[in-house]
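In: build me a model:
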Amino acid sequence: MTGRVHSLESFGSVDGPGIRFVVFLQGCPLRCAYCHNPDAWAMNAGTEMEAEELFRKIRRYKTYFGETGGVTVSGGEALMQPEFVTELFRLCHADGINTCLDTSGCVLDERVMALLDETDTVLLDIKMTTEEDYREYTGGSLRQTMDFLRELHRRKIPTWIRQVIVEGFNDTEENVARLNELIAPYDNITRVELLPFHTMCRQKYEKLGIEFRFGTYPDTRSATVERLQKLVKLPSAQ
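Out: Have a look, this model is predicted:
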């Protein structure tokens, strides 16, 4: 099974539990206004790799994973190549390596269901907290993401929720309150992370000749994220 890979990170510490080998896949159907990897959008770009070849690279770092680390597959959007990720995760599980899926939850079909059978943890991006904003600023649907979350809850897959905070756009108590309301029914959620928006990707947009829609917003200050993070309520605590 061959997949298209955007890039690899051998010692990730923020993409799931413990130390992770992070695989960034090529291809994404969304067009998020704050995306920091527009070069990962194209479906036919990236480097072609066999799942076995990629697994061999991951396995070299197994001694660093410990009890909690493992491999995380991100994007782009990992759900654009579900069969490839499923095969990779099966190889990892056969060798005792923990698997984590970083996704927007924009697809839920039989192929994705098979992938979830091999997934230990999910990092789920709830990009916006209203359907209107979701469609306007990502081109996707909040409903699809919530359908995906319901399936994760049904399967009892431990899930981290993530949202990028853009100062001057969604850095409000009202936004966090809506996020709390959205996630309240799902006790499989073990962590909620608010992440700061950065403009360091501006050169990528310029090189590709693509408009950076949120390029006029400043980098989000850590103090802003810390203030809002205190308002987040895990479902078990609500």
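In: Arg143 belongs to a strand?
Out: No. Under DSSP: H, G, I helix; E, B strand; the rest coil, Arg143 falls outside any strand and is assigned helix.
In: for the protein, which strand is longest?
Out: If you go by DSSP state E, the chain has its longest strand at strand 2-12.
In: following it, which helix or strand comes up?
Out: Proceeding N to C from strand 2-12, the next assigned helix or strand is strand 20-25, under DSSP states H and E.
In: next helix or strand past that following strand?
Out: Per DSSP H and E, the first helix or strand lying C-terminal to strand 20-25 is strand 47-50.
In: what sits up against that next one?
Out: Met1, Thr2, Gly3, Arg4, Val5, His6, Gln26 (CB atoms under 8 Å, 6 or more residues apart in numbering). All C-beta atoms are positioned from the backbone trio N, CA, C, and that covers glycine.
In: just how off-centre is stretch 105-113 within its chain?
Out: The chain centre lies 14 Å from the centre of stretch 105-113; the measure is CA atoms, centre = their mean, to the nearest Å.
In: that stretch: end-to-end distance?
Out: One end of stretch 105-113 to the other measures 12 Å (CA to CA, to the nearest Å).
In: about what we covered before: would you list the buried entries among the contacts of strand 47-50?
Out: In those, burial by neighbour count holds for Gly3, Arg4, Val5, His6, Gln26, counting by 16 or more other CB atoms under 10 Å.
In: return the residues in contact with the last one.
Out: Taking CB under 8 Å, 6+ apart as the definition of contact, the neighbours of Gln26 are Arg4, Val5, His6, Ala40, Ala42, Met43, Ala45, Gly46, Thr47, Gly75, Gly76.
In: go again using 10 Å as the cut-off
Out: Neighbouring residues of Gln26 by CB atoms under 10 Å, 6 or more residues apart in numbering: 3-7, 37, 39-48, 75-77, 80-81.
In: nearest spatial neighbour of it, skipping sequence neighbours?
Out: Spatial nearest neighbour of Gln26, chain neighbours left out: Gly46 (3.0 Å); criterion: CB to CB, 6 or more residues apart in numbering.
In: these two touch, right, the one you found and Cys28?
Out: No. Counting by CB atoms under 10 Å, Gly46 does not reach Cys28; the two are 11.2 Å apart.
In: phi and psi next, for Val85.
Out: Dihedral pair for Val85: phi -70, psi -40, per degrees, to the nearest 10.
In: ok, it to Val122 distance?
Out: 12 Å (CB to CB, to the nearest Å).
In: now Gln26
Out: Gln26 sits 20 Å away from Val122, going by CB to CB.
In: just the strands in the protein please.
Out: Taking DSSP E, the strands of the chain run over residues 2-12, 20-25, 47-50, 70-74, 98-103, 121-125, 159-165, 189-196.
In: now the buried members of the contacts of Gln26.
Out: 3-7, 37, 39-41, 46, 75-77, 80-81.
In: for the residues you listed, which one is nearest Leu152?
Out: Glu77 (16.2 Å; CB to CB).
In: give the contact list for the residue nearest to Gln26.
Out: Per CB under 10 Å, 6+ apart, neighbours of Gly46: 3-7, 24-27, 39-40, 76, 81.
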